[in-house]
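**Q** Have a look at this prediction, sequence included:
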Amino acid sequence: MIEASEVERFFTRSDGSYLFARWGRPIAPIVFGVEDSTLSVVKGAFEAVCAMVGHQMAETDPELGANVMVFFFREWSELLDVPDLDRLIDGLAPLVARLSEAEANQYRVFRFDEAGAIKACFVFLRMDDVLSAIPAETLALSQVVQSMVLWSDTAFTDQSPLGQLDDGRVVLRPEIGALMRAAYDPVMPAMDTDPSHALRVAARMKVARGN
């Protein structure tokens, strides 16, 4: 079981600040740039993770229509041709230039409501050789997990949130699943900047285990 210090690490950013946020509204995803078979895989991953943490999904968001947009593409420059995307994401052109120069293959942009809860997420996946070699189910699960809460920018630099079973199946690591369920407990805040939040998450995890 993850201790409070480990929970804190998952939400302590590289500048030393603590910041946690989860979704404050039902999730309504849409996926661009893939075939129907992959579309169903991505939406299925959202459904599975939402069911696990006890969060709702919806067909549409009353304010935004779709509040999770997942883009699959080959080159970052393709984003500049997406109609109205520059109205949804401030500084799209310099962001694209920076990500192209860094040869990044993924990036996520979050938007928040007045209470600090997540209200929108944009997931960008440049399908280079690395991402193209990952099975669709694995890639989808990984992206959904990283879109459900605002993790630290260093949270998964050393270890993926996913693990592999003896039979080869890739699943969410149990401790990460337990952490997410605790963070989505209705008694917990949707946003917090105090490291004591990590103590509360760890306590909820222990309660769930009956300890």
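**A** That came through, no problem. Numbering: from 1, shown residues only.
**Q** What residues does Val34 make contact with?
**A** Residues in contact with Val34, defined by C-beta atoms under 8 Å, 6 or more residues apart in numbering, are 42, 72. C-beta here means a position set from N, CA and C on the backbone, and glycine is covered the same way.
**Q** repeat for Cys121
**A** 67-69, 108-111, 147.
**Q** Select from the residues you listed the one having the most neighbours.
**A** Val68 (25 neighbours; other C-beta atoms under 10 Å).
**Q** Relative to Arg74, how far out is Pro195?
**A** For Pro195, the distance to Arg74 equals 41 Å [C-beta to C-beta, to the nearest Å].
**Q** Neighbour count: these two, which is higher?
**A** Remark: of Pro195 and Arg74, Pro195 carries more neighbours, 16 against 11, as counted by other C-beta under 10 Å.
**Q** Name the nearest residue to that one, sequence neighbours excluded.
**A** With sequence-adjacent residues excluded and distances taken as C-beta to C-beta, 6 or more residues apart in numbering, Pro195 is closest to Tyr18, at 4.6 Å.
**Q** Can you tell me what sits against the helix-or-strand element of the chain with minimal mean pLDDT?
**A** When the helices and strands of the chain are scored by mean pLDDT, DSSP states H and E, helix 196-209 comes last with a mean of 89. Helix 196-209 has contacts (C-beta under 8 Å, 6+ apart) with 1-5, 7-8, 11, 18, 20, 178-179, 181-183, 185, 187-189.
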